[in-house]
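Novice: Sequence below, structure please.
(one chain, ligands or ions: 1)
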Amino acid sequence: MRVFGLDTNPSVVERLSKGESHIDDIDSDQLSSMINAGFSPTVEPDCISDSEVVLICVPTPLDDDGTPDIGYIEAAAKVISQHLQPGSLVVLESTTYPGTTQDIVRPILETGSGLTAGTDFCLSYSPERIDPGNAEWGLRNTPKVVGGLTPACTERAVRFYTQIVDTVVPTVGLREAEFAKLLENTYRHVNIALMNEMAVFCHELGIDLWDAIEAAKSKPFGFEAFYPGPGVGGHCIPIDPNYLSWLVRSVGYRFRFVELAEEISDRMPAYVAKRAQDALNFARKSVNGSVILLLGVTYKANVSDQRETPARPLAALLRKLGAEVRFFDPFVDVFIVNGEELTGEPNLGEAVAAADLVVLLQAHDEILESEILGTAEHVLDTRGVLTGGNVERL
Ligand SMILES: NC(=O)c1ccc[n+]([C@@H]2O[C@H](COP(=O)([O-])OP(=O)(O)OC[C@H]3O[C@@H](n4cnc5c(N)ncnc54)[C@H](O)[C@@H]3O)[C@@H](O)[C@H]2O)c1
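Specialist: Next up is the predicted model:
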């Protein structure tokens, strides 16, 4: 296929054109072979007129007041409408609330193009399901959910995606495909929060929750393992379920599971700070003046993404208590806390030796593969992956 990558950010396009990837999962060699095979990054929307299929994958953040910001989708739809050709297929892939494709994208496309969706062009929704850093499940082998405005639109999108993914899962309509994505994210959000709440009382009860999860996992049916941690980050868990709770409020309900999950997981950085304080106290030290080393400050393992990372509120809390917070992260050079730039420790061994307390926040392979943590004075492991006499699990 001939593929254009249209982006409004000229520096993204410039770097892509030079073969420099800004995406963790796509290395520059892969990008170069894509460019050699005809991939064209561009800022020129004219390319839409030359395209039979147009995929929209723009950001869907929240406003300052926590409501969905679909301004990027609206802007993209407007530009597409000015270049849309009869017979083409438009697919929205951005995560959003059910109703967006039909009620927001469709009228913008129709007004700008003078064409009718479902008759003159096909309109579908297919959620983006990429899991950054996941070596096992990528674009090709992760089933792709697809829903269309009409059965013919669904069929057209299924035919398109079947060329690039192994399994395509059609839904009965647009809203079901939109809802499926939010269902997946909300399910994770609620179950991670359940584990976070359990971690707090399991500690008091002297129960190793990770060991109990391993035991529960041996049941071959009716249980799926989720794990506690220092809080949730990224986009899918802290942001996306708000799209659903916003929609649910519009029909007069509160989505209490989401609100509760948010409240519990948002408290985890403060809980980790309290556990750090307790660990230092046990060693007859105060947080004030102690050197606390945070290992891994990204929101998930083996990626460089810092969006909504719980390491940031944790670092802010520990600094407020007077700790000297340092960090080591093979993916991050500079970590900004309360507007101040912290520079990463260059040497894990030296950083561990200088720390009164080490807090493992992210299970990056490079950190776990190092033997050096065995020499640390004390390690608070928020991921339940370390063992040893100096290790305490969350
Ligand atoms: N990144 C993921 O792993 C992931 C996973 C699942 C779902 N999603 C969803 O995919 C969507 C995109 O996320 P992302 O992480 O790729 O965002 P991103 O911010 O990394 O990239 C979006 C790109 O869109 C560009 N853009 C903004 N407005 C534009 C416009 N009108 N026309 C052309 N380009 C425009 C931006 O410049 C940016 O380069 C979101 O809805 C997100 O929730 C992302």
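
Novice: chain center to the longest helix anywhere in the chain, what's the gap?
Specialist: Secondary structure of the chain read by DSSP state H shows that its longest helix is helix 174-205. Using CA atoms, centre = their mean, to the nearest Å, we find the averaged C-alpha position of helix 174-205 to lie 14 Å away from the chain's own average C-alpha position.

Novice: Stretch 342-357 too?
Specialist: 27 Å.

Novice: thinking again about what came up before, what's the mean pLDDT across the longest helix of the chain?
Specialist: In this model, helix 174-205 has a mean pLDDT of 97.

Novice: swap in stretch 25-32?
Specialist: Taken as a whole, stretch 25-32 has an average pLDDT of 90.

Novice: Tell me the first helix or strand C-terminal of the longest helix of the chain.
Specialist: Tracing the chain C-terminally past helix 174-205 and defining elements by DSSP states H and E, one meets helix 209-217 next.

Novice: Helices of the stretch 51-200 of the chain, start to end?
Specialist: Listed in chain order, the helices of the stretch 51-200 of the chain (DSSP state H, counting those that start in this stretch) span 71-83, 106-113, 151-162, 174-205.

Novice: Stretch 103-114 close to the ligand?
Specialist: No. Contact check for stretch 103-114 against the ligand, using CB under 6 Å from any ligand atom: none in range, with a minimum separation of 11.8 Å. (Glycine included, C-beta is placed from N, CA and C.)

Novice: Begin at 648, not 1, for the rest of this chat.
Specialist: Sure thing, new numbering starts at 648, so read that last one as stretch 750-761.

Novice: list the buried ones in that stretch?
Specialist: Buried residues in stretch 750-761, counting neighbours by 16 or more other CB atoms under 10 Å, are found at Ile751, Val752, Arg753, Ile755, Leu756, Glu757, Gly759, Ser760.

Novice: Name the nearest of the residues you listed relative to Tyr900.
Specialist: For the buried residues of stretch 750-761, the minimum distance to Tyr900 (CB to CB) is 21.8 Å, reached by Ile751.

Novice: who's in contact with the closest one?
Specialist: Ile717, Ile720, Glu721, Ala724 (CB atoms under 8 Å, 6 or more residues apart in numbering).

Novice: Find the nearest non-adjacent residue to Gly1035, please.
Specialist: Gly1021 (5.6 Å; CB to CB, 6 or more residues apart in numbering).

Novice: From the ligand, how far out is the one you found?
Specialist: With distances taken as CB to the nearest ligand atom, to the nearest Å, Gly1021 is found 34 Å from the ligand.

Novice: which ones are touching the nearest residue to Val984 once chain neighbours are set aside?
Specialist: Setting aside the residues directly before and after it, Val984 is nearest to Ala962 in space (CB to CB, 6+ apart), at 4.5 Å. Listed by CB under 8 Å, 6+ apart, the contact partners of Ala962 are Leu941, Val944, Val972, Phe974, Phe982, Val984, Leu989.

Novice: so can I have a markdown table of these showing pLDDT?
Specialist: Formatted as a markdown table, the entries for the contacts of Ala962 read as follows, by pLDDT from 0 to 100:
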| residue | pLDDT |
| --- | --- |
| Leu941 | 98 |
| Val944 | 98 |
| Val972 | 98 |
| Phe974 | 98 |
| Phe982 | 97 |
| Val984 | 96 |
| Leu989 | 96 |
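
Novice: How about residues contacting stretch 759-771?
Specialist: Stretch 759-771 is contacted from outside by 724-725, 727-729, 731-739, 748-749, 752-753, 756-757, 793-797, 799-801, 803-804, 821, 824, using CB under 8 Å, 6+ apart.

Novice: what does stretch 833-842 give?
Specialist: Taking CB under 8 Å, 6+ apart as the rule, stretch 833-842 contacts 856, 860, 871, 873-876, 879, 883-885, 887-888, 891, 904-905, 907-909, 911-912.

Novice: mind redoing it with 7 Å?
Specialist: Defining contact as CB atoms under 7 Å, 6 or more residues apart in numbering, one finds that stretch 833-842 is touched by 873-875, 879, 884, 888, 891, 904-905, 907-908, 911-912.

Novice: residues touching the nearest residue to Ser937 once chain neighbours are set aside, list them.
Specialist: Nearest in space to Ser937, with sequence neighbours left out and distances taken as CB to CB, 6+ apart, is Asp1003 at 4.1 Å. Contacts were defined as CB under 7 Å, 6+ apart; by that measure Asp1003 touches Leu927, Lys932, Ser937, Val938, Ile939, Glu1024.
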